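J.: Have a look; sequence and predicted model below, questions after that.
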Amino acid sequence: MADETPIPNESEDFSKSAYAKYAEQEDIDPRCIPIKLDGDVPEHEAITYPDYPAHDHETWKTLYSRQAGQLPGRACEEYLEGMRLLGLQPDHLPALRDISLTLDEMVGWRIARIPGLLDTNDFFSFMARAHFPSTDYIRQPHELEYTPAPDCFHDIFGHMPTLTNPFFSSFFQYFAQTFLRVSDPKEIRQLERFYWFTVEFGLINTPEGRRIYGAGILSSPKEVLHSLSDAVEVIDFTPERLGTQEYEVWHLQPILFAIESFEQLESEFRAWAQFKGWDR
Ligand SMILES: [Fe+2]
């Protein structure tokens, strides 16, 4: 895809309006149509390792080396430590089963292997019981710069390292449980924005400077550099403010929010949810 062509960011988006934007494209990619599961999927130790063709490992290798090279001094320490703890290797696709075993031991989270983009309720139902739904297929070689569909590079490289942080994983599970309790469309939209500006596009202030923890940034070469540049207006994290901020799926993010710690992310989201009556 040419550089000047607006592209959606490399992350899930749950809003109907965003899907409508996909649908407006001339040739909607079937991988971008949410799936409603009609049965169980393999979880944890039951997940088998696919017989990946060599070009899939090459794709992982290319994406990994490009992204990992950008992350020291840009990604937060909790994420970089999570990379080490999960033992992600640069030269071959990891096994979801192995990651699941490590996460389970560390923070009580497990992996569920899913076939693609999930229906919103299915997606959050997994996370509400501390299961991260992940694909095990990787984008095609011609999609190195961008894929509109979920793939395991975004799921594994973008999301899973930060899950090793107990405050983040606790927040994540509580967020999902909260999301499933909310039915008002305006409140769902607030939660979608919250998810976007934290889980996918979150920044964190540290004594060493501002760092990245959002998976949508960490798995996107353009967003990593852009998110820490002067082109972005960074706003202090407050849940209420964040819940009102619209986001742009098809361009680099002009506005981002910075938390002070994962403890703050968890405690302030819980307080907001209680204030809104979403905890019951
Ligand atoms: Fe994501």
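T.: Yep, that arrived. Residues are numbered from 1 along each chain as shown.
J.: what does the stretch 101-250 of the chain put close to the ion?
T.: By Cβ under 5 Å from the ion, the residues of the stretch 101-250 of the chain that approach the ion are Ala215. The way it works is simple: take the backbone N, C-alpha and C, and place the C-beta from them, glycine included.
J.: again, only this time at 8 Å
T.: Neighbours of the ion within the stretch 101-250 of the chain, by Cβ under 8 Å from the ion: Pro150, His154, Asp155, Gly158, His159, Val199, Glu200, Ala215, Gly216, Ser219.
J.: so the first one touches Gly116, yeah?
T.: Yes: the criterion here is Cβ atoms under 8 Å, and Pro150 meets it with Gly116 at 6.1 Å.
J.: ok, the two, which is more surrounded?
T.: Pro150 (23 against 16; other Cβ atoms under 10 Å).
J.: residues in contact with that one?
T.: With contact set as Cβ atoms under 8 Å, 6 or more residues apart in numbering, Pro150 has these partners: Glu12, Arg31, Gly116, Leu117, Thr135.
J.: what number of residues lie near the fourth one?
T.: So the one you mean is Leu117. 24.
J.: try the last one
T.: With neighbours defined by other Cβ under 10 Å, the count for Thr135 comes to 22.
J.: how near is it to Ser227?
T.: Per Cβ to Cβ, to the nearest Å, Thr135 is found 24 Å from Ser227.
J.: can you check the fourth one too?
T.: Spatial separation of Leu117 from Ser227 under the definition Cβ to Cβ is 24 Å.
J.: now the second one
T.: Separation of Arg31 from Ser227 (Cβ to Cβ): 26 Å.
J.: quick one, which of those two is more surrounded?
T.: Ser227 (25 against 17).
J.: Does the more buried one touch Ile212 like I think?
T.: Yes: here Ser227 reaches Ile212: they are 5.9 Å apart, a contact under Cβ under 8 Å.
J.: Could I get the full set of helices for the stretch 151-280 of the chain?
T.: 152, 160-163, 166-181, 185-195, 215-218, 221-227, 239-242, 262-276 (DSSP state H, counting those that start in this stretch).
J.: Please enumerate residues in contact with the longest one?
T.: With Cβ under 8 Å, 6+ apart as the contact definition, helix 166-181 has outside contacts at 78, 106-109, 121, 124-130, 162-163, 188, 191, 194-195, 199, 213, 261-263, 265-266, 269-270, 273, 278-280.
J.: Of those, just the buried ones, PyMOL syntax please.
T.: Selection of buried members from the contacts of helix 166-181 for PyMOL, criterion 16 or more other Cβ atoms under 10 Å:
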select buried, resi 78+106+107+109+124+125+126+127+128+130+162+163+188+191+194+195+199+213+262+265+266+269+270+273+278
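J.: picking that back up, can the helices of the stretch 151-280 of the chain go into JSON lines with extra columns for mean pLDDT?
T.: Conversion of the helices of the stretch 151-280 of the chain to JSON lines gives the following (pLDDT from 0 to 100):
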{"stretch": "helix 152", "mean pLDDT": "96"}
{"stretch": "helix 160-163", "mean pLDDT": "98"}
{"stretch": "helix 166-181", "mean pLDDT": "98"}
{"stretch": "helix 185-195", "mean pLDDT": "96"}
{"stretch": "helix 215-218", "mean pLDDT": "95"}
{"stretch": "helix 221-227", "mean pLDDT": "92"}
{"stretch": "helix 239-242", "mean pLDDT": "95"}
{"stretch": "helix 262-276", "mean pLDDT": "97"}
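J.: Tell me which of the ones you listed lies nearest to Val249.
T.: helix 215-218 (10.2 Å; Cβ to Cβ).
J.: before we move on, back to that, which neighbours do Ser227 and Ile212 share?
T.: Leu203.
J.: give the contact list for the residue nearest the centre of the chain.
T.: Compute the mean C-alpha point of the chain, and by Cα atoms, centre = their mean the closest residue is Ala215, 4.1 Å away. Going by Cβ under 8 Å, 6+ apart, Ala215 touches Ser11, His154, Gly158, His159, Thr162, Val199, Glu200.
J.: quick one: the residue nearest to the last one when sequence neighbours are not counted and Leu191, what's the gap?
T.: Looking back up the chat, that one is Glu200. Computed as Cβ to Cβ, 6 or more residues apart in numbering, the closest residue to Glu200 that is not its neighbour in sequence is Gly216, at 3.6 Å. Gly216 is 16 Å from Leu191, where distance means Cβ to Cβ.
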